[in-house]
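Asks: 3D, please:
(2 chains)
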Number of protein chains: 2
Amino acid sequence: MNELKIFVPATIANVSCGFDVLGLALDTVGDEMTIRKVSEKGIKITKILGQDLPLETHKNVAGVAALALLTKANCDFGFEIEINKCIKPGSGIGSSAASSAGAVWAMNELLGKPFTITDLVKFAMEGERLASGVAHADNVAPALFGGFTLVRSYEPLDILSIHTPKELYATVIHPQIEIKTSDARNILKATVPLKDAIKQWGNLGGLISGLYTEDYDLIGRSLEDYIIEPIRSILIPAFESVKQEAKNAGALGCGISGSGPSIFALSKGKKTALSVANAMKLVYNKVGIDYDIHVSKVNTKGIKILDSK
Amino acid sequence: MNELKIFVPATIANVSCGFDVLGLALDTVGDEMTIRKVSEKGIKITKILGQDLPLETHKNVAGVAALALLTKANCDFGFEIEINKCIKPGSGIGSSAASSAGAVWAMNELLGKPFTITDLVKFAMEGERLASGVAHADNVAPALFGGFTLVRSYEPLDILSIHTPKELYATVIHPQIEIKTSDARNILKATVPLKDAIKQWGNLGGLISGLYTEDYDLIGRSLEDYIIEPIRSILIPAFESVKQEAKNAGALGCGISGSGPSIFALSKGKKTALSVANAMKLVYNKVGIDYDIHVSKVNTKGIKILDSK
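Replies: Presented below is the predicted three-dimensional model:
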């Protein structure tokens, strides 16, 4: 096998109560990438469709992640990477994570799987470091593992795959405004009230329990964010209206996807997720903000192989 | 049925990473209580063995919890309560919670179960309010539900029963020093660093996941407290040595039980839990501090009926 064409899922980080630790993968929203072994050593980005992103290896998140793997792989050949970028950079659904995760996942496959999935997360995190200045794992982990993931610890890196109920669907609306991840980080406070932190970890515990027991009501009750959302949501136009209308339409819960500006909702079943999409659209239609919207099952398998040669 | 003799378990609140939300019940450490229906209305504490505690209903935590239930029960008879107090007050393993939980649980049984278990938690919390000034639920919940419990939310009260692995044992050492719950609360800071809070909810998520998947190593890795233990442990003599020796002896993890001064460790299997007990004892023998020590399976059934008439 010398070439792999893959689908790499978009991801939702934080998921309301799990700031910096929790993430989930979408099933039908993501990038397509082709990675091939070539005789020339090193990493070459040969083509990027869909977005205007740098082809220089050192300036591209996929390139940087791929180089991080290559320095550990000790191989006498190289790789070419083509990216069909369907996830918009800056959308808050793991655009840089998808490129980084896809590159290293496919390379590992083509090399005969010398690396563990945790190794791959570490390589992909180097792409995240280039994208945002912070080598976070809460998007690359679900992109690589699929389903829900929990980054229990960074030192040492300890990533858990969390049971994902089968009827869980995500609706994501992406208002066409720009929020830089660095700005979204800088707005946060360095300390938080203990009483709010207690509520937050109560909800995270509730959400994890709800996922294992497939208790959709509990999942919904737990999707509350007392720490980050009250601050970051002021950067997102009509956030409260979108959230309220999503819940009125039957969403289990609704919050900021990653550092925004996308807003996600989780629902039980596709029908509800589609109704939630309509309700969210109506809000932005009314205020006159352009948007993209996605409805997807929560993925349980991570990256998918579309073709191999 | 007019009389019930019951065993009410001691409990460990917080469990390292779950301050104010998590708790577990012990299986063989606890109080015995006898509750009987009597023609005279109201609540009467007729006997307390083992400890010097007030018999006046309004000054006794079991009495106050029982009265909270009685005001909602609308019955034309009353109850007598006898308590054989094996859990020392101030030990940090839910002494007041056991008395409060046992009283209301048995009364509900004798009344034909008109109340839900969440109602019983609310009544028992009134006993906790008398004991410590705060109507917390992290001890009464595991006493009533058994196993591990999570107080996801107080408003509204939402308590979850968490799957409890069968080979989990607790070792608890109670150094004979006094720490008032109010003092243990006052020493805490009102705000916490966000970076520590993130580590804490990462660990709580990991612990809940480890309980559902019966992954003992994960349970152990998750039993770290970045928020409370660094502050409260200074009130407990030789805490760090006890913790280190417990881990050296094979404990999965070790921390402060409730607001202390008891120190708990969790282990896989009884044999390890007994080795851990020996290791903990040696530390206090060396520094010359008296102690009680308990080894118990983690209970999965809550309160047990010993006899009924």
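
Asks: okay, CA-based contacts and neighbour counts for the rest of this
Replies: Fine.

Asks: how far does the lengthiest strand in chain A sit from the chain's center?
Replies: Longest strand in chain A by number of residues, with DSSP state E as the criterion: strand A:22-38. How far strand A:22-38 lies from its chain's middle: 10 Å, per Cα atoms, centre = their mean, to the nearest Å.

Asks: can you name the element that comes right after that strand?
Replies: Next along the chain after strand A:22-38, taking DSSP states H and E as the criterion, comes strand A:42-49.

Asks: which residues does A:S99 contact?
Replies: With contact taken as Cα atoms under 8 Å, 6 or more residues apart in numbering or on different chains, A:S99 is in contact with A:V8, A:D31, A:M33, A:V61, A:A62, A:I83.

Asks: now the longest strand of chain A: buried residues?
Replies: With burial defined by 16 or more other Cα atoms under 10 Å in any protein chain shown, the residues of strand A:22-38 counted as buried are A:22-38.

Asks: show me what it is packed against.
Replies: Other helices and strands packing on strand A:22-38, by 3 or more Cα pairs under 8 Å, 6 or more residues apart in numbering or on different chains; DSSP states H and E, are strand A:3-13, strand A:78-84, helix A:95-110, helix A:140-145, strand A:148-154, strand A:291-297.

Asks: just checking: what are the partner strands of the fifth one?
Replies: Within its sheet, strand A:148-154 is paired with strand A:22-38 (antiparallel), strand A:157-162 (antiparallel), according to DSSP bridges.

Asks: how about CSV for the ones you listed, with mean pLDDT added?
Replies: Listed next are the strands paired with strand A:148-154 as CSV, based on pLDDT from 0 to 100:
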stretch, mean pLDDT
strand A:22-38, 97
strand A:157-162, 98
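
Asks: what does the stretch 1-150 of chain A put close to chain B?
Replies: A:G18, A:F19, A:D20, A:V21, A:L150 (Cα under 8 Å from any Cα of the partner chain).

Asks: gap between the first one and A:D138?
Replies: As defined by Cα to Cα, to the nearest Å, A:G18 lies at a distance of 10 Å from A:D138.

Asks: A:D307 contacts A:I6, doesn't it?
Replies: Yes. Using Cα atoms under 8 Å, A:D307 and A:I6 qualify as a contacting pair, with a distance of 6.9 Å.

Asks: these two: who's more crowded?
Replies: A:I6 (22 against 11; other Cα atoms under 10 Å in any protein chain shown).

Asks: what's the closest non-adjacent residue to that one?
Replies: Nearest residue to A:I6 in three dimensions, chain neighbours excluded: A:I305, at 4.5 Å (Cα to Cα, 6 or more residues apart in numbering or on different chains).

Asks: what's the pLDDT at that neighbour?
Replies: The score at A:I305 is 97. That number is its pLDDT.

Asks: again with A:I43
Replies: For A:I43, the model assigns a pLDDT of 96.

Asks: in the stretch 201-309 of chain A, which spans are strands?
Replies: A:253-256, A:263-268, A:291-297, A:304-308 (DSSP state E, counting those that start in this stretch).

Asks: quick one: name whatever helix or strand follows the worst-scoring helix or strand of chain A on mean pLDDT.
Replies: Sorted by mean pLDDT, DSSP states H and E, the helices and strands of chain A end with helix A:181-186, the least confident at a mean of 79. Counting by DSSP H and E, the next helix or strand C-terminal to helix A:181-186 is strand A:191-193.

Asks: mind listing the strands that following strand pairs with, and their directions?
Replies: strand B:191-193 (antiparallel).

Asks: could you give me the average pLDDT of the partner strand?
Replies: On average, strand B:191-193 scores 97.

Asks: got a list of contacts for it?
Replies: A:A190, A:T191, A:V192, A:P193, A:L194, B:I227.

Asks: change it to 10 Å
Replies: A:189-197, B:197, B:226-228 (Cα atoms under 10 Å, 6 or more residues apart in numbering or on different chains).

Asks: centre of the chain to that strand, how far?
Replies: For strand B:191-193, the distance to the chain centre is 26 Å (Cα atoms, centre = their mean).

Asks: how does chain A divide into domains?
Replies: A:3-162+A:299-308, A:168-297 (automatic domain parsing).

Asks: closest to B:L55 out of these?
Replies: Comparison of the domains of chain A against B:L55 by Cα to Cα identifies domain A:168-297 as nearest, at 34.9 Å.

Asks: report the distance from that closest one to the chain centre.
Replies: On Cα atoms, centre = their mean, the centre of domain A:168-297 falls 14 Å from the chain's centre.

Asks: just the buried residues of stretch A:271-283, please?
Replies: For stretch A:271-283, using 16+ other Cα under 10 Å, the buried residues are A:T272, A:A273, A:L274, A:S275, A:V276, A:A277, A:N278, A:A279, A:M280, A:K281, A:V283.

Asks: returning to what we had before: which one of the helices and strands packed on strand A:22-38 lies closest to B:K88?
Replies: strand A:148-154 (35.8 Å).
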